[in-house]
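Participant: here is the input, now give the coordinates:
(2 chains)
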Amino acid sequence: AQSVTQLDSQVPVFEEAPVELRCNYSSSVSVYLFWYVQYPNQGLQLLLKYLSGSTLVESINGFEAEFNKSQTSFHLRKPSVHISDTAEYFCAVSKSGGSNYKLTFGKGTLLTVNP
Amino acid sequence: DAGITQSPRHKVTETGTPVTLRCHQTENHRYMYWYRQDPGHGLRLIHYSYGVKDTDKGEVSDGYSVSRSKTEDFLLTLESATSSQTSVYFCAISEFERNTEAFFGQGTRLTVV
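Facilitator: Numbering: from 1, shown residues only, chains lettered A, B, ... in the order given. Down below sits the predicted model:
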């Protein structure tokens, strides 16, 4: 079985401050990892993903996440946030390789960027 | 945007009635998923499909059934709707063997009164 724990349900920060949203996963096999973002009253959009290769992955809007296998973590970071980054962020995990992929999400972290 | 259409987008129904939600894709992806989203619970997997007529249960499958008779359509049925099934339902598709992420529909807001 696989599971995801997002350690913070809400993270308030001021504009231009750095932020880290924490994600830990549990799986008995190798994994794919994802961060999705959901803006108010919208569906989910992929922010970034780790499938293989470099453990540091980046998004086009300045977010990055690092896959740490020993700590089973995939924390999301941004050095300077904007008001427009206010949204809910979801970490997700799927096993890698084989077949029958089940995609499991964490409970989400609401990032609120204040002026 | 990935070609995923959920219907209906909004529905109000009475307790005890059957309800079917439809997810239609034009991407020919193998995997399709149904999630429900509730405050404080994130997205919880109801059922998923890994091929035509191949489905499996997720973590909150009680009270729900699914069918996938063709690649493009994945139906979620609430056999007898209850107020606890009031939620926003999201469909997703993926093709993990080709190293793609999951793409989501816009959601269906279901209210059971």
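
Participant: what sits against residue B:68?
Facilitator: B:32, B:49, B:51, B:52, B:53, B:54, B:55, B:74, B:75 (Cβ atoms under 8 Å, 6 or more residues apart in numbering or on different chains). In short, each C-beta sits where N, CA and C put it, glycine included.

Participant: that one and chain A, how far apart?
Facilitator: 14 Å (Cβ to the nearest Cβ, to the nearest Å).

Participant: for that residue, pull up the helix or strand it's in.
Facilitator: In this structure, residue B:68 sits in strand B:64-70 according to DSSP states H and E.

Participant: and if you look at residue B:93?
Facilitator: Assigned by DSSP H and E, residue B:93 falls in strand B:87-94.

Participant: just list what that strand packs against, helices and strands only.
Facilitator: strand B:4-7, strand B:19-25, strand B:31-38, strand B:73-78, strand B:103-104, strand B:108-112 (3 or more Cβ pairs under 8 Å, 6 or more residues apart in numbering or on different chains; DSSP states H and E).

Participant: who wins for proximity to residue A:86 among those?
Facilitator: Residue A:86 sits nearest to strand B:31-38 of all the helices and strands packed on strand B:87-94, at 18.0 Å, using Cβ to Cβ.

Participant: centroid residue for chain B?
Facilitator: Nearest to the mean C-alpha position of chain B, by Cα atoms, centre = their mean, lies residue B:34 at 2.8 Å.

Participant: can you name the residue of chain B nearest chain A?
Facilitator: As assessed by Cβ to the nearest Cβ, chain A sits closest to residue B:42 within chain B, at 3.6 Å.

Participant: now do the SS call for the residue nearest the centre of chain A.
Facilitator: Against the mean C-alpha coordinate of chain A, by Cα atoms, centre = their mean, the closest residue is residue A:35 at 3.3 Å. With DSSP: H, G, I helix; E, B strand; the rest coil as the basis, residue A:35 sits in strand.

Participant: understood, closing this out.
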